[in-house]
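1. Got a predicted structure here, sequence first:
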Amino acid sequence: MPIRRLPPETVNRIAAGEVVERPASAVKELVENALDAGAARVEIQADGGGLSRILIADDGKGIPVEELPLAVERHATSKLTPDDAGDVDLLRIHTLGFRGEALPSIGSVARLTITARSPGEPAYAVTVEGGDQRPTAPAPFPGPHGARVEVRDLFYATPARLKFMKSERAEAMAISEEIKRQAMAHEAVAFTLDLDGRTVLRLPAEHPGPEGRLKRLAALLGRDFETNALLIDQERDGVRLSGYAGLPTYSRGNAAHQYLFVNGRPVKDRLLQGALRGAYADFLARDRHPSAALFLELDPLLVDVNVHPAKAEVRFRDPALVRGLIVGALRHALAAAGHRASTTVAAGALTGFTAHTGVAFSPSAPSARGFSGWSGWDRPVAVVNDVLPGLNERSARVETAASDLAAWPDHAAVAPPPDLIDFPLGAARAQVHGTYIVAQTRDGIVVVDQHAAHERLVYERMKAQMAQGSVTRQALLTPEVVDLDPAETDRVLARADELAALGLVVEPFGGGAVLVRETPALLGDCDVQGLIRDIADDLAEHGAALALSERLGEVCGTMACHGSVRAGRVLSAAEMNALLRQMEATPHSGQCNHGRPTYVELKLADLEKLFGRR
């Protein structure tokens, strides 16, 4: 078949298919244009999931009337400036948009109208319908300057694309998620989102900086995120990482609450996601995911944002630097959090109490004598002791603190001094079910899972020992040859020194294989073939040998589990208080090796509400 040039209309529709995949894609491009124009306020309206109508209004600098026709031409942009020789440096990208494809792409598949007013100038509008551009004409405009972009009947010119759209509700949710991401990255800009005439987001402008950013994140992710987020702010070799990351005990069942930004641009990047996963590897089970909003800022020359038509992916010049910064900054923040656990743990315990007893508590709840079937004060104490161990969903009878103390032959002699209750985790008062330590603080009580807590303490000691020197190795009786493709072989051998520090000694063996001579002693009789292939996959995807470090972590966790205080072991008051003091002095002791809480703290005010005292 002969080679032919495609008609301009077809070319534009092909380009539109790359840039505008769905209504949310169009919203993203138009909002980024508003932000690049210096808008302090952006209003978004969408009807019918964005397929019927999209309106983006801003108070930016607008578009001069003579430039309006250019705005809807392909590859025409105000965001790239040629040098004296007429060349454009595509690596020095300081704006969110720069390709000059969004407006003409949208105009080729929809009915597009742009109304704009520059400061001190009258307003004009230009319309494009299915690629057919109409003459520029005067138009009304509500503000002193800015732009209003209206898109109607998206994809009417390409009906086949409509068949691949999801439901209107799903498309509306995608638009809402896109606006949330843009709002997170620009806390100093006010955003309003209306879907089918209903306001779903109204975000006032916040003061630029960490405090304003946290307020904006709290408005979008909930107040629980605000109270359980750790501030991240570190810089290395000109690359800065800032933002907030949730405590391990504030984890989620999926990665939907992970928001990553590069130079103000929302991205979905495997390197960044892998680094986030690696930073929490010691603290979360594989089916749990951290919550985070992280912002990376670096010289535009160090990152290529031109690798994807929708600008959703980026490529770093030094990925190892970026990954190391993310992992180091997050682990530093997690270590600084000490034994802190998320506030949602206590809230969950209180909810469990209400659900377990079948009693609904409110500010107008009756006093203790009003609860049916309770006599005196012995029954309320028994119920509290019964519910607090319910953290592991057990509902067996629990002995009272008094009866546990009576079981200690020398309990009077070893009673902790009164000032122990001023420590963060308080003074041990009882052990219930041979599993949980009940401690008293100055303003509440703390319930500790003794096995989970001691498991974390042992694990942290083992990690510290590993960090002080190379991991103990075991030589293989017969060195094992692992066949890989040449690229995988090169990646593994390039990290041979790092792998040796983790106890894995590899050497080249021909063109497409590696020879394994020694493995970490902690792994015992391991699957060498599978381990090396997993490491090769990790190096390809994340640039780091997560498989080996995670396996070592899993072994350490297993050894810590078997070497820690088991549930059912009776502890003396001195042993319980020693465990509490070790937890206070050990980073990450607020959660076990799988991200579950090691303790729950209930304030006195919470207990008083439970018993109708306030």
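-> Received it, and whenever you're ready, just let me know what you need.
2. remind me which residues of the stretch 301-450 of the chain are low pLDDT?
-> Counting by pLDDT under 70, the stretch 301-450 of the chain shows low-confidence ranges at 307-312, 339-418.
3. repeat that for 90
-> 301-315, 317, 319-320, 331, 334-422, 424, 433-435, 443, 450 (pLDDT under 90).
4. One more: the stretch 51-200 of the chain?
-> 67, 70-105, 108-109, 120, 130-132, 142-143, 156-164.
5. quick one: the strands in it?
-> With DSSP state E, counting those that start in this stretch as the criterion, the stretch 51-200 of the chain has strands at 53-58, 111-117, 124-129, 132-133, 137-138, 146-152, 190-195, 198-203.
6. can you redo these as CSV with mean neighbour count?
-> From N, CA and C alone the C-beta is placed, and that goes for glycine too. Below are the strands of the stretch 51-200 of the chain laid out as CSV (neighbours: other CB atoms under 10 Å):
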stretch, mean neighbour count
strand 53-58, 22
strand 111-117, 24
strand 124-129, 21
strand 132-133, 14
strand 137-138, 12
strand 146-152, 23
strand 190-195, 20
strand 198-203, 14
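7. want to try CSV for those strands, with distance to Ala513 as columns?
-> Formatted as CSV, the strands of the stretch 51-200 of the chain follow (distance: least, CB to CB, whole Å):
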stretch, distance to Ala513
strand 53-58, 55
strand 111-117, 57
strand 124-129, 59
strand 132-133, 61
strand 137-138, 71
strand 146-152, 56
strand 190-195, 55
strand 198-203, 56
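8. so which of these comes closest to Phe316?
-> Counting by CB to CB, Phe316 lies closest to strand 190-195 out of the strands of the stretch 51-200 of the chain; the figure is 28.9 Å.
9. could you give the angle of the closest one to strand 53-58?
-> Put simply, strand 190-195 runs at 170 degrees to strand 53-58, going by axes from the mean of the first three to the mean of the last three CA atoms, to 10 degrees.
10. Pairing partners for strand 190-195, with directions?
-> strand 41-47 (parallel), strand 198-203 (antiparallel) (DSSP bridges).
11. closest to Asp485 out of those?
-> strand 41-47 (47.0 Å).
12. Could you pull out the helices in the stretch 251-400 of the chain for me?
-> 270-279, 319-336, 343-357, 378-387 (DSSP state H, counting those that start in this stretch).
13. Now do the same contact list for Asp485.
-> Gly512 (CB atoms under 8 Å, 6 or more residues apart in numbering).
14. ok, now which ones touch the spatially closest residue to Glu297 that is not a sequence neighbour?
-> The shortest distance from Glu297 to any non-neighbouring residue, by CB to CB, 6 or more residues apart in numbering, is to Arg240 (4.6 Å). Applying CB under 8 Å, 6+ apart to Arg240 gives the contacts Asp233, Gln234, Leu296, Glu297, Leu298.
15. What residues sit buried inside the longest strand out of those in the chain?
-> The residue-count maximum for a strand in the chain (DSSP state E) belongs to strand 473-483. Across strand 473-483, burial judged by 16 or more other CB atoms under 10 Å covers Arg473, Glu480, Val482.
16. Which of those sits closest to Arg265?
-> Val482 (39.5 Å).
17. what bridges to the closest one?
-> As assigned using DSSP bridges, the partners bridged with Val482 are Val514.
18. quick one, what contacts it?
-> Val482 touches Ala513, Val514, Leu515, Val516, Val528, Gln529, Ile532, Arg533, counting by CB under 8 Å, 6+ apart.
19. let's see 10 Å
-> Contact analysis of Val482 by CB atoms under 10 Å, 6 or more residues apart in numbering lists 488-489, 492, 506, 509, 512-516, 528-533, 535-536.
20. Show me where the stretch 501-614 of the chain has its helices.
-> 528-542, 546-563, 573-585, 604-610.
21. Going by mean pLDDT, which of those helices comes out lowest?
-> Confidence, taken as mean pLDDT, is least for helix 546-563 of these (a mean of 57).
22. And Glu101, how far from Thr136?
-> For Glu101, the distance to Thr136 equals 21 Å [CB to CB, to the nearest Å].
23. More neighbours: these two, which one.
-> Glu101 (22 against 16; other CB atoms under 10 Å).
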